[in-house]
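> pasting the structure only:
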C-alpha cells in the first residue's frame, strides 16, 4: 500500500508540474520579464517554499528532543543544496540524452546562471567557515548569518535589474501552449493566470507532502536512521519531485528556465536556511556535514567553471551525479 501511495503521488506531482509551469510561462510573458527571473526567482522560490518548512519546523517547533530536532534540521538544510547541485542537475542530462546525445550541449542564458552560482558559492563558503566557529561565539555566528541573508537580498536586486536587458536581447519568457484552464472558456488574463498558478502550486504541495509521508513510512519499514532520513531521504522526497518542472522545461528546449529553477532554488536554500542553521544549531564539522558541504561546493564550482567556458555538454553534468554517489558512499559505508 505504501508503494502504491508513492506511485499515485508521483502522478499527482507530474500533473501539478505541468499545470504550474504552464501558468508560470504565461505569468512571465504577461509581466514581460526574462526567463532568468521566471526560473531563478518565481519558479525556484515558489517550489522551494514547502521544503523550507521541514527544517524550520524541526528547529522551531519539533519534538521534545532538542538533539533530534537539530539532526533533522541540519540534515534537511544541507541535504537540499547537496541534492540540487548534484543529483537534480545530473538528471537534466538524462531527460535530453536521446535527443541531444552525450556530446550535445545545454544552452542556458549564461549571465544569469553565472550570477546564481557565484552567489551560491560565496554564501556556502560562509556556511563552511561557520562550521569551525564555536557555538559559544554567538556574535560571530549571528554576523555570518546576517551576511548570508544580505547576500540573498542583493541577489534578488541584481536578478530583477538584469531582466530588462535580457528581454531586449531575446531572453523574454514565452508560453508555447495556451493556458490549461482557458480551455474551459475562461479568458486569458492575469487573474486566471494567478488562479492556475495557485492551483498548480497547491497540487504540487499536496503531492509532495503525500510523497514525503510515503517515503517516511518506507524508511521506517526499511529501518533507515533519523540522520540518514534527514540528510538523504527528506531532501529527495521534498526537492526532487518538484524539480520535475526543470525536466519538463529542458525537454522543451527551455534550458534557461530549467537551470534557473534549480540554481535559483540553490541560492535560496544555500543562503537563508544555512543562516538559520548557523544561528540556531551547533553547526559542527561532523563527517556527514563536512562531506556534504565540500561536495556541494565542488559540484557548484565544477558547473560554474563549465558555464564560464561556454561549453556545457550533456555528459559534463554526469560528474555532478557521480559526486552525489560519492557522498552516499561516504555516509553509508
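Thanks, I have it. If you're wondering where the values come from, they're calculated on a predicted model, not measured in any experiment. Numbering: from 1, shown residues only.

> now do residue 91, the pLDDT please.
At residue 91, the pLDDT value in this model is 93.

> and for residue 185?
Taking residue 185 on its own, its pLDDT is 81.

> distance of it from residue 20?
Distance from residue 185 to residue 20, counting by Cβ to Cβ, to the nearest Å: 21 Å. Glycine gets a C-beta too; all of them are placed from N, C-alpha and C.

> out of the two, which sits in the busier spot?
Neighbours of residue 185 and residue 20, each counted by other Cβ atoms under 10 Å, are more numerous for residue 20; the result is 27 against 6.

> what strand or helix carries the spatially most central residue of the chain?
Within the chain, one residue has its C-alpha closest to the average C-alpha position: by Cα atoms, centre = their mean, that is residue 265, at 3.7 Å. Of the helices and strands defined by DSSP states H and E, residue 265 is found in helix 255-280.

> any idea how far that helix is from the chain center?
Taking Cα atoms, centre = their mean, to the nearest Å, the mean C-alpha location of helix 255-280 is offset from the chain mean by 6 Å.

> could you pull up the residues touching residue 206?
Neighbour list for residue 206: 12, 16 [criterion: Cβ atoms under 8 Å, 6 or more residues apart in numbering].

> surely it forms part of a helix?
Yes: under the criterion used here (DSSP: H, G, I helix; E, B strand; the rest coil), residue 206 sits inside a helix.

> and the pLDDT for it?
The score at residue 206 is 77. That number is its pLDDT.

> start at 42, not 1
New numbering, starting at 42: the last item is residue 247.

> from residue 232, how far off is it?
With distances taken as Cβ to Cβ, residue 247 is found 23 Å from residue 232.

> try residue 148
Counting by Cβ to Cβ - residue 148 and residue 232 are separated by 34 Å.

> now swap in residue 121 and tell me
Relative to residue 232, and taking Cβ to Cβ, residue 121 is found at 33 Å.

> tell me, how many residues neighbour residue 321?
One way to gauge burial is a neighbour count; for residue 321, by other Cβ under 10 Å, it gives 18.

> my guess is it meets residue 114, correct?
Yes: with contacts defined as Cβ atoms under 8 Å, residue 321 counts as touching residue 114 at a distance of 7.5 Å.

> with adjacent residues omitted, what lies nearest to residue 195?
Excluding the flanking residues, the one nearest residue 195 by Cβ to Cβ, 6 or more residues apart in numbering is residue 160, at 7.7 Å.

> count of residues packed around that neighbour?
Counted with other Cβ under 10 Å, the neighbours of residue 160 add up to 24.

> same question, residue 289
As a measure of burial, residue 289 has 20 neighbours, counting by other Cβ under 10 Å.

> surely it is in contact with residue 61?
No: with contact taken as Cβ under 8 Å, residue 289 and residue 61 are classed as non-touching, separated by 9.5 Å.

> looking at residue 148 and residue 232, which is more packed in?
Neighbours were counted for residue 148 and for residue 232 using other Cβ under 10 Å; residue 148 has more, 15 against 8.

> can I take it that the more buried one is in a helix?
No: when classified by three-state DSSP, residue 148 is found to be coil rather than part of a helix.

> quick one, what contacts it?
296-297, 353.

> which of the residues you listed lies closest to residue 370?
The nearest member of the contacts of residue 148 to residue 370, counting by Cβ to Cβ, is residue 353 at 26.0 Å.

> which residues touch that closest one?
Neighbouring residues of residue 353 by Cβ under 8 Å, 6+ apart: 146-149, 344, 347.

> list only those of these flagged as buried.
A residue is treated as buried here by neighbour count (16 or more other Cβ atoms under 10 Å); on that basis the buried members of the contacts of residue 353 are 147, 149, 344, 347.

> still on that earlier bit, how about whatever helix or strand the residue nearest to residue 195 lives in: buried residues?
Here residue 160 sits within helix 151-171, counting by DSSP H and E. Neighbour-count burial for helix 151-171, with 16+ other Cβ under 10 Å as criterion, is recorded at 152-165, 167-169, 171.

> okay then, goodbye and thanks.
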